[in-house]
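[1] test case, fold it:
(chains A, B, C and D)
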Protein chains: 2
Amino acid sequence: MRPAPSSPRAESRPGGRSARVRAAVHQAVRELLSDEADELTIPVIAARAGVHATTVYRRWGSVGDLLADVATSRFSGDIVVPDTGSLREDLERFASDLARDLSDPDTLSLVRAIVGTGGENAGVCRAERQRQLEAMLEREQARGNETPPVERATDALLAPLYYRAVFTDQAPTPEWARTLVSHLLPD
Amino acid sequence: MRPAPSSPRAESRPGGRSARVRAAVHQAVRELLSDEADELTIPVIAARAGVHATTVYRRWGSVGDLLADVATSRFSGDIVVPDTGSLREDLERFASDLARDLSDPDTLSLVRAIVGTGGENAGVCRAERQRQLEAMLEREQARGNETPPVERATDALLAPLYYRAVFTDQAPTPEWARTLVSHLLPD
DNA sequence: AGCATCTCGCAGTGATCGTTGCGTTAGTAG
DNA sequence: CTACTAACGCAACGATCACTGCGAGATGCT
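    Numbering: from 1, shown residues only, chains lettered A, B, ... in the order given. The predicted structure follows:
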């Protein structure tokens, strides 16, 4: 597991060779996950990315670590936290955005693959969303208003969204996601 | 994929050889899943079960199908549907039983592995629980009382339980599960 | 008991995986 | 411009995997 590559030089420049290889490997993983047919193994990933398997083995070591790296890149800074001044509207936009995000088959395949690696790295799929949810609640509290506790909001919003996406065959819709907010916030 | 083995004879007797092999393989899968270290592959499973890999290949074909078979056996008829006459108490017992079930590391590993196979077979981990939940709601309706719709109950009970078990590192507790019921049913 | 049928064990095969040593190339510092 | 470091390509190696005929043993029916 090498979350921070040991080279501060070659990796720092966004257009360096290491960065290009990294991007190619990440894209290869996403493509193979959406294909759903090919087996997700390091030689296959390397061939798809146009690099040698040795490189992937040395940089990431295992498919699990590589998946975790792809997931952290994928689930970071992709949804902007809404700030409309109204908690209800913030949560509705947040929930519908997350529903749209999780209804993407590629994203869903990534989440399922990460969960399948078994470790605690399944948290990277939701850690960012959790922080965003907490941020919205805290902002409402800073405005002097009462909010449900974070745990309750997680159970009412994140849990149904992820549960429906991962365990059922019906993709979450933005409309349904908004009903979750109406159940969380009393009228 | 062979959910129904083609032999009605040898499989029908519970003490037959096929049944013994099947039980040994199932137990081997569960043990390897809880070990978490060994790789979950067919030769390893077969060696652990004391059978030849050929047998496993022929009967199940792939690790995914074998996992689905283990899961259907595991998640069938393990929780008895409560019937106390009170919907609230039924749901509280059901939720706390499910929380206790999902807090078992072995069960959790099985769920995560099934999800990792990517297919729609992740549904087998919750299909039985869904039916049990529907049964309790329908029984309450047959008593002439109003109940939340099934979808709402799923979002409020099953989703948080599975979400917390799979995506977080905090195991669901029976006490917390009961609070989910209190949020679903208004006072 | 005899027979048919199914399942399992056995050994072998091709393919792929994970890993390592070495030379080359790209990128950076002085 | 030169030198140094790090990342990559290349080619091997052993190990394991998925799979396939074939024979033996078990099971159930007559």
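
[2] give me the phi and psi for the most centrally placed residue in chain A.
    Central residue check for chain A by CA atoms, centre = their mean: the C-alpha nearest the mean position is that of A:Phe75, 3.1 Å away. Main-chain torsions, A:Phe75, degrees, to the nearest 10: phi -100, psi 30.

[3] any idea how many residues pack against the closest residue to it other than its chain neighbours?
    Nearest residue to A:Phe75, sequence neighbours excluded (CB to CB, 6 or more residues apart in numbering or on different chains): A:Glu128, at 5.1 Å. Heads up, the C-betas are built off the backbone N, CA and C, glycines and all. For A:Glu128, the neighbour count with other CB atoms under 10 Å in any protein chain shown is 16.

[4] quick check: A:Glu128 touching A:Ser76?
    Yes - the criterion here is CB atoms under 8 Å, and A:Glu128 meets it with A:Ser76 at 5.8 Å.

[5] shared neighbours of the two, anything?
    Common contacts of A:Glu128 and A:Ser76 (CB atoms under 8 Å, 6 or more residues apart in numbering or on different chains): none found.

[6] pLDDT of the helix or strand containing A:Met136, averaged?
    Following DSSP states H and E, one finds A:Met136 within helix A:127-142. Computed over helix A:127-142, the mean pLDDT rounds to 96.

[7] mind exporting that helix as PDB, just the C-alpha atoms?
    Written as PDB, here are the backbone C-alpha positions of helix A:127-142 (Å, rounded to 0.1, in the frame of the first residue of the first chain):
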ATOM      1  CA  ALA A 127     -16.300   9.500   3.700                       C
ATOM      2  CA  GLU A 128     -16.500  12.500   1.500                       C
ATOM      3  CA  ARG A 129     -20.300  12.500   1.400                       C
ATOM      4  CA  GLN A 130     -20.400  12.100   5.200                       C
ATOM      5  CA  ARG A 131     -18.200  15.200   5.600                       C
ATOM      6  CA  GLN A 132     -20.300  17.200   3.200                       C
ATOM      7  CA  LEU A 133     -23.500  16.200   5.100                       C
ATOM      8  CA  GLU A 134     -21.900  17.200   8.400                       C
ATOM      9  CA  ALA A 135     -20.800  20.500   6.900                       C
ATOM     10  CA  MET A 136     -24.400  21.400   5.800                       C
ATOM     11  CA  LEU A 137     -25.800  20.500   9.200                       C
ATOM     12  CA  GLU A 138     -23.100  22.500  11.000                       C
ATOM     13  CA  ARG A 139     -23.700  25.500   8.800                       C
ATOM     14  CA  GLU A 140     -27.400  25.400   9.700                       C
ATOM     15  CA  GLN A 141     -26.600  25.200  13.400                       C
ATOM     16  CA  ALA A 142     -24.300  28.200  13.000                       C
END
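
[8] what separates whichever helix or strand comes after it from the chain centre, distance-wise?
    Where DSSP H and E defines the elements, the next helix or strand beyond helix A:127-142 is helix A:150-153. Remark: helix A:150-153 is offset 19 Å from the chain centroid, using CA atoms, centre = their mean, to the nearest Å.
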